[in-house]
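**Q** Starting from these lines, generate the structure:
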Amino acid sequence: METLERILNLLKNKKIQQKDFVKNIGLNSSAVTDWKSGQSKSYRTHAYKIAEYFNVSVDYLLCKTDDPTPPGEASRGWDDGHTSFYEGMDLLTDDEREEIMDIINLKIERRKNKEKEK
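**A** Here you go, the predicted model:
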């Protein structure tokens, strides 16, 4: 399976119309059509934003794993009020995003340990 096929399957399975998808992601209205025709592969550039939209991991979106669970999903518990944190994250490399999540998870673990000490 390729990334485009995975995106199209997610759209179909979640019953999301392409026009709603591109609007919510902030892409031009012809993005999916361009992807299907091979004129563009901009989905690679927007992989993080697309994965976040579908609530799946970037690795799942890029077909590196069959597990769609985003990293740290169970421990994050963040709601839509924190989405501004993610703005611009799609500009970072996978390694940079992973490093940020590692730092966040480390901070969470430190906080949990402090709470246990009380």
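**Q** So which residues of this protein form helices?
**A** Secondary structure of the chain (DSSP state H): helices at 3-13, 18-25, 31-37, 47-54, 58-61, 73-76, 94-117.
**Q** Who are the packing partners of the longest one?
**A** Other helices and strands packing on helix 94-117, by 3 or more C-beta pairs under 8 Å, 6 or more residues apart in numbering; DSSP states H and E, are helix 58-61. All C-beta atoms are positioned from the backbone trio N, CA, C, and that covers glycine.
**Q** Quick one: mean pLDDT for the helix it packs on?
**A** Mean per-residue pLDDT for helix 58-61: 89.
**Q** Have a look at the chain and report the helix or strand with the lowest mean pLDDT.
**A** Within the chain, confidence by mean pLDDT, DSSP states H and E is lowest for helix 73-76 among all helices and strands, at a mean of 46.
**Q** need the contact list for the closest residue to Thr65 other than its chain neighbours.
**A** Closest residue in space to Thr65, ignoring its immediate chain neighbours: Asp59 at 4.6 Å, by C-beta to C-beta, 6 or more residues apart in numbering. Asp59 makes contacts with 65, 67, 94, as judged by C-beta atoms under 8 Å, 6 or more residues apart in numbering.
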